Every structure is written in structure tokens, then in C-alpha cells.
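Visitor: Sequence first, predicted model second:
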Amino acid sequence: MDIQFYGAARVVTGSKHLIRTDSGKTILLDCGLFQGQLHNKDEMNYHFGFNPSEIDYVILSHAHIDHSGLLPRLVNQGFSGLIFATPATISLCEIMLMDSAFIQSEEVRFINKRRAKRNEELLEPLYDVEDVEKTLKLMVPVEYDETIKIEKGIYLTFTDAGHLLGSAAINLDISTKNRKKTKITFTGDIGRFNDQILRKPQPFRQCDVLICESTYGNRLHPTPPDIEKQLLHVIQETCVINKGKLIIPAFSVDRTQDLVYMLDKFANKGLLPAIKVYVDSPLSVKATAVIRKHEECYNNEFLEYLHFDSDPFGFKNLTYISDVNQSKLLNKLKEPCIIISASGMAEAGRVKHHIANNILNPKNTILIVGYCTPESLGGQLKAGSKQVRIFGEQYEVKCRVEKMDYFSAHADYMEILHYLKPQNPKKVKHVFLVHGEYEAQLSLQEKLEKVGFKNILIPSLGQLVSLD
């Protein structure tokens, strides 16, 4: 049995890990889109490096596009097997993959205008709505902690990873030719232990092979008690004192709802200034409706809050916007306001337009509230770049840029170590660090070695490793 790493290898996006069993079955863990400004991103998204028609099964850790976003492309190129995921993940994929297809079509249309002027060959989207519909029909729901038999000698169990609604660690028990069982766990993305809405990451059974994310392998999040005070300070300074706009790039799922829930609590306590708050994202509107339906993912504190406030995602002066014309009108507003818009890395969607229209005004603030790949627009702003390129145009960064890493849905290195504490390191034969920048992975590798883990590999893109 072997495993080959076709994505999220020394980078954060494009999660794809292919297991080939002794019996010849092929299992793809995640099928994510490469994002950011990687120099060969388009090539890697159009070409998998393997034959999609030869994949037997896909097991999806969660619905974020860097983990699920190439599933319709996989189907488009010949995959016809089953896709296993939690019910909440499937619910989110129904809206997120459709949104991804729409965004890609719009971006290709925009790019093709320029290519046509240069007499260059026009591009085709990676996939379309029809491909998404075909993909959704292949999805099979599996509840948390339910063990299912995929086929003879292959068993699957999902455990809650606490990162996103429906996110899961993938636990596979695979029998080899000599009937020896190999226990493989892919953590997917590990969540926080003090998330406002979701349950904390749940422990998983002892494994032989561990594939572990490492996004924050060299970082610690700020302590939780400061976060509400910091957010209120940014709002007060931007919207009340400077009378400017606060632009918050936020992932449509979970991050947006985290922010709205926090603002809802401020409103109930009388702490929120009398300013307009806009959630400008059709996907966020749909995602909020999905999140309302999956109480199995809520933590106890959030369930208790529901007894006090039956609508934690709605308060006075909050407006959800889906219509594109209403979105455009926000850029003409002169009054102070808060605009929460996707995407979280500011790589696509309406938030790019809001940033472009507000970046030159020193009264305004862009607040980065989670992880951004270094190459992304959000990553560049977070790093303090004085100039950025948006829609092919160069912009000076004259507005303020603030960051609040606490909102990240990724565990930091202490939380990763805590999550892995139930494992006996001596029984783990292989550890693979994925989904992280190389510097973060090297740091986490050192920390894992200190607590007893051995044989830790940071695979490169395309690297093949035997698990025998």
C-alpha cells in the first residue's frame, strides 16, 4: 500500500492525497482547488497528475473549496465512484460548489476579455453547474462516529474535527494482502477548542499512519479574552471616530457567522454603535440557512444562547445582501458601516471590489480575520504590503489594515499537540505533515519529535511513499 501527495504539499491549498491499496483500490482523500497566486496554479487545477477515471472512491474531510473545489472537475474528467462526507459537509457542498462554478465562469469571462484583445486563446472554466449537479449525486452521507464498510477490507469512520460545519478527521482501517490491518487517519483541517459555535475537535482511535495538517505549525493564536475588546476597538476607531468603512474579508461559512454572532452579542449588550452592518455575499446568506439546520455540530454554549436569542445571526441594522446591484450601491455609501464579504483570502468574490473601492481612503480599515496564503491579496495586505494588484491594476494601500488571527478556524501548534495527545507516538509508524507552508511544517515537525513522534515526513508535490 502506498500514498501519493498531489496537493497541499508544502503549500496550504489543493488538498489531495491518493491511497493505493494492496488490492489495487484507489482512495482519494479530498479533492481541493489550488488557490492564491502560485505560479503554476492554473496548470495544477486543470491537470490532476493522475487519471480521474481510475479513482474508486473519494473521502471528503470538509467543504472548504481548497479541499472540495475540484470534485466537479474530477467528475468532468471521468470519475464516477462514490464520494463519502458528513451530512453537513454535503449540505455545504450543495451551495459552495455551485458558487465556485459561478465565480470561475465570471473570472474566466473577465480574463478572456483581455486575452481576446491580445488575440490569445480563450480559456474554459474548470467545470460548470452541470458538473456540480453530477458530483452531488455521487455523495454518500456518513454520520460522525458511524463506522461503515466501503468494501471488503476498507472501513471508514468520521470524527468531528471542529474546523467547519461538518468537518471531520478521516479514519480508515484498511486490510492488506496478509490480512494485517493498517489504521490511517487524515486530520483534515483541525479546528479550535474554544470555537464560538462548533463543538471542539474530538479524539480519534489510535492510528498507524497519521496525515496531519500544519497550517499554524509555527504560530500561536492570541488569548481569547482580548478578542471582543479588540473588535469593538476597531469598530469604534474606524466607524465612530474616523467615520470610515470597516471591510472584513471573511469566508462565507463559519467565519462570517462567527462575526455576526459576536456582533449579535454586542447588540444584545448595547455595545454595538448605531451603524449599518452588511453581510454582502449570496453564499453567506445560503450558508447561514444551512448552519441553522445542523444543530448536531453546535457546542453547548451556543445551544444555550439559542434559548436567550432564537436568532443569533440577526439583529437591528444588519442586512444580508444577495443582489449584485445592492452590492454595488455599498461602494457609493458615504456613511460609516461594516461590510463583511467573501472570500476570506480576498482572492475572489465581491470583497475584492469593496477593497478596490475603499483601499485609497485613510479613514477606512480592512480587517483580516483569519489565515491567508502569503500569495493571496489578503495575505499581502496582512503582511503589510504598501502596494497590491487587484483586477490587474496596481493600488496603493492608504487605508489601515488590522488583523485578528483569533478568528482563524485552524488550530495553532499548541492546539494541534493537544489534539494529538491521546495518540501513543510509539505506535504511529508514519507521520506526514501536509497543508502548510514549509517553514511552519519544519517547526511543527520539531515539536512533534519532542513529544515522541518519529519518522515524520514533509512530502513534496507528487511524492510517492510506501506504507509497508
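Guide: Done, it's in.
Visitor: all strands for the stretch 201-350 of the chain, in order.
Guide: Along the stretch 201-350 of the chain, the stretches classed as strands by DSSP state E, counting those that start in this stretch are 209-213, 245-249, 276-280, 318-321, 337-341.
Visitor: To Lys447, which of the ones you listed lies closest?
Guide: Comparing the strands of the stretch 201-350 of the chain against Lys447 with C-beta to C-beta, the closest turns out to be strand 209-213 (11.4 Å). Backbone N, C-alpha and C define where each C-beta goes, glycine included.
Visitor: quick check: domain ranges of this protein?
Guide: 2-219+409-466, 224-407 (automatic domain parsing).
Visitor: Make a markdown table out of those and add mean pLDDT and mean neighbour count.
Guide: What follows is the domains of the chain, written out as a markdown table (pLDDT from 0 to 100; neighbours: other C-beta atoms under 10 Å):
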| stretch | mean pLDDT | mean neighbour count |
| --- | --- | --- |
| domain 2-219+409-466 | 95 | 19 |
| domain 224-407 | 93 | 18 |
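Visitor: Take the strands of the stretch 201-350 of the chain and lay them out in CSV including distance to Glu415.
Guide: CSV is the format used below for those (distance: least, C-beta to C-beta, whole Å):
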stretch, distance to Glu415
strand 209-213, 11
strand 245-249, 23
strand 276-280, 28
strand 318-321, 31
strand 337-341, 25
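Visitor: So which of these is nearest Ile355?
Guide: Closest to Ile355 of the strands of the stretch 201-350 of the chain, according to C-beta to C-beta: strand 245-249, at 6.1 Å.
Visitor: and for the closest one, what are the contacting residues?
Guide: With contacts defined as C-beta atoms under 8 Å, 6 or more residues apart in numbering, strand 245-249 is touched by 234-235, 238-239, 259, 333, 336-346, 351, 354-355, 358, 361, 363-369, 378.
Visitor: Would you mind giving the secondary structure of Ala101?
Guide: helix (DSSP: H, G, I helix; E, B strand; the rest coil).
Visitor: Ignore what I typed, I meant Pro374.
Guide: coil.
Visitor: Do I have it right that it meets Ala383?
Guide: Yes: the pair Pro374 / Ala383 is scored as a contact, 6.8 Å apart, by C-beta atoms under 8 Å.
Visitor: out of the strands of the stretch 201-350 of the chain, nearest to Ile59?
Guide: strand 209-213 (11.7 Å).
Visitor: And that closest one, what does it pack against?
Guide: With contacts defined as 3 or more C-beta pairs under 8 Å, 6 or more residues apart in numbering; DSSP states H and E, the packing partners of strand 209-213 are strand 181-186, helix 413-420, strand 430-434.
Visitor: what's it in contact with?
Guide: Outside strand 209-213, the residues touching it (C-beta under 8 Å, 6+ apart) are 3, 8, 17, 29, 182-190, 410, 416, 420, 423, 428-436, 444, 453, 467.
Visitor: One more pass at 7 Å, please.
Guide: For strand 209-213, the external contacting residues (C-beta atoms under 7 Å, 6 or more residues apart in numbering) are 17, 182, 184-190, 428-436, 467.
Visitor: give the contact list for the spatially closest residue to Val351 that is not a sequence neighbour.
Guide: Closest residue to Val351 apart from its sequence neighbours, by C-beta to C-beta, 6 or more residues apart in numbering: Ser341 at 3.9 Å. The neighbours of Ser341, taking C-beta under 7 Å, 6+ apart as the test, are 249, 280-281, 349-351, 354.
Visitor: at 6 Å what do you get?
Guide: 280-281, 350-351, 354 (C-beta atoms under 6 Å, 6 or more residues apart in numbering).
Visitor: Would you format these as JSON lines with distance to Lys113 included?
Guide: Listed next are the contacts of Ser341 as JSON lines, based on distance: C-beta to C-beta, whole Å:
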{"residue": "Asp280", "distance to Lys113": "24"}
{"residue": "Ser281", "distance to Lys113": "24"}
{"residue": "Arg350", "distance to Lys113": "19"}
{"residue": "Val351", "distance to Lys113": "21"}
{"residue": "His354", "distance to Lys113": "22"}
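Visitor: which of those residues sit farthest apart?
Guide: Ser281 and His354 (10.6 Å).
Visitor: what about the strands in the stretch 351-468 of the chain?
Guide: Using DSSP E, counting those that start in this stretch, strands in the stretch 351-468 of the chain cover 365-368, 387-390, 393-396, 400-403, 430-434, 456-457, 464-466.
Visitor: how about JSON lines for these, with distance to Glu301 added?
Guide: As requested, the strands of the stretch 351-468 of the chain are exported to JSON lines (distance: least, C-beta to C-beta, whole Å):
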{"stretch": "strand 365-368", "distance to Glu301": "24"}
{"stretch": "strand 387-390", "distance to Glu301": "38"}
{"stretch": "strand 393-396", "distance to Glu301": "41"}
{"stretch": "strand 400-403", "distance to Glu301": "26"}
{"stretch": "strand 430-434", "distance to Glu301": "31"}
{"stretch": "strand 456-457", "distance to Glu301": "35"}
{"stretch": "strand 464-466", "distance to Glu301": "41"}
